[in-house]
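S.K.: need coordinates for the below:
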Amino acid sequence: MKRFICLLVILSVISGRKKKDKGGNMLFKMQYTTTTGKSVSPKGSDSLYTEFGDYITSITPSHFSGKFQMLGFQDAINPTDNNTNMLLFIDGSQAADDPNRIADFSNNAVVHFSPDLRGIQDDHGLFTNEQINFIYFYFDVLYFYQEAALPPQYDTLNIDMFNGQYNNDNITSDLVKVNNILKIKHFALISKIFNLTHGWPSAYIFGNCDSTFVFNTEGNNVPNSVNWPFGGNTMLQIIRSNKYNMVTINTPGEGETVQMTATICFNTKNLIQIYAGQDNVPYTSDDVFIYAPNFWERIIANLIIE
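M.R.: Numbers count the residues shown, from 1 in each chain. All right, here's what the predicted structure looks like:
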């Protein structure tokens, strides 16, 4: 819970309300997919990965989904100044079992929302600005979940790294792997990528930057900035990405309707890589299972206005 409490508190103090059925109308939907049309290198390259032994193979999950705590757009770097406009599909107030929190990427799921509009609004609950430039898209993920068929050599093996505690979840190899079918949340698969002293990275912020990178890897207490555009301070590690381009929306007038479709694509082809581990012998219990280098570069977001 601690990893997103700061963001949740900041957003909860910003006044907001849902649109009313008067004046113009704004319709919203989210689409989740694993399809980009772009090829991904099976292996990739990262000096960190040489520590894990020889590369064995890569696998693509047959099922991939996520569960979100926050998901939305905003047009400035400090929402606490009362001048920032925000479009929140998921704001942290939904019930823990709300199905709208779930993103089924592998089935190209489409979810219709009635989101919170937060910022300067008129009597109909719509933005007062005629044009709004959404420079940021962001989400706070509770977990990514995947199911994948491992090579048959792992059928009877007890995998060492699948026995332990990851983000307060105690897992065992027998629990997450039945024969050669792996069913697991993403925490174990990223545990060797990040410095976890200050918690698991959960905030992914897109836009208003020119590359992809991990911000605040040392877990410093950093203030509001272009890389933490939510007011207040944070000690979180944050995934920053340029895989989103600013979108301008025109606020609908009386009798007009604007359809907004947001899409998140997570390219999961060859996402999970397998390395030979400390003994450097493939298909043994100490093999390493890990997300591909810079896996966050596989995530692309866009917003289409109709």
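
S.K.: low-scoring stretches of the stretch 101-250 of the chain, by residue?
M.R.: Residue ranges of the stretch 101-250 of the chain with pLDDT under 70: 115-116, 118-129.

S.K.: swap in 80 and give it another go.
M.R.: Residue ranges of the stretch 101-250 of the chain with pLDDT under 80: 114-130, 198.

S.K.: can you pull out the strands in it?
M.R.: In the stretch 101-250 of the chain, the strands defined using DSSP state E, counting those that start in this stretch lie at 102-104, 110-113, 116-118, 131-134, 136-149, 164-166, 169-171, 177-178, 181-185, 203-206, 213-215, 238-241, 247-250.

S.K.: mean neighbour count, these: which tops it?
M.R.: With neighbours taken as mean count of other C-beta atoms under 10 Å, the strands of the stretch 101-250 of the chain reach their highest mean count in strand 203-206, at a mean of 23. The way it works is simple: take the backbone N, C-alpha and C, and place the C-beta from them, glycine included.

S.K.: which residues are in contact with that one?
M.R.: Residues from elsewhere that reach strand 203-206, judged by C-beta atoms under 8 Å, 6 or more residues apart in numbering: 4, 7, 136-141, 227-229, 236, 238-244, 296, 299, 301.

S.K.: could you export it as PDB, CA atoms only?
M.R.: Listed next in PDB are the C-alpha coordinates belonging to strand 203-206 (Å, rounded to 0.1, in the frame of the first residue of the first chain):
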ATOM      1  CA  ALA A 203       4.200   4.400 -11.200                       C
ATOM      2  CA  TYR A 204       4.500   4.600 -15.000                       C
ATOM      3  CA  ILE A 205       4.400   8.200 -16.300                       C
ATOM      4  CA  PHE A 206       4.300   8.900 -20.100                       C
END
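
S.K.: and Ile59, how many residues sit next to it?
M.R.: A count of neighbours around Ile59, defined by other C-beta atoms under 10 Å, yields 21.

S.K.: hey, what's it bridged with?
M.R.: With DSSP bridges as the criterion, Ile59 is bridged to Ile272.

S.K.: which ones are touching it?
M.R.: 148-151, 270-272, 274 are the contacts of Ile59 under C-beta under 8 Å, 6+ apart.

S.K.: which of the strands of the stretch 101-250 of the chain sits closest to Ser285?
M.R.: Nearest to Ser285, of all the strands of the stretch 101-250 of the chain, is strand 177-178, at 11.4 Å by C-beta to C-beta.

S.K.: quick one: buried residues of stretch 51-65?
M.R.: 52-53, 55-56, 58-61, 64-65 (16 or more other C-beta atoms under 10 Å).
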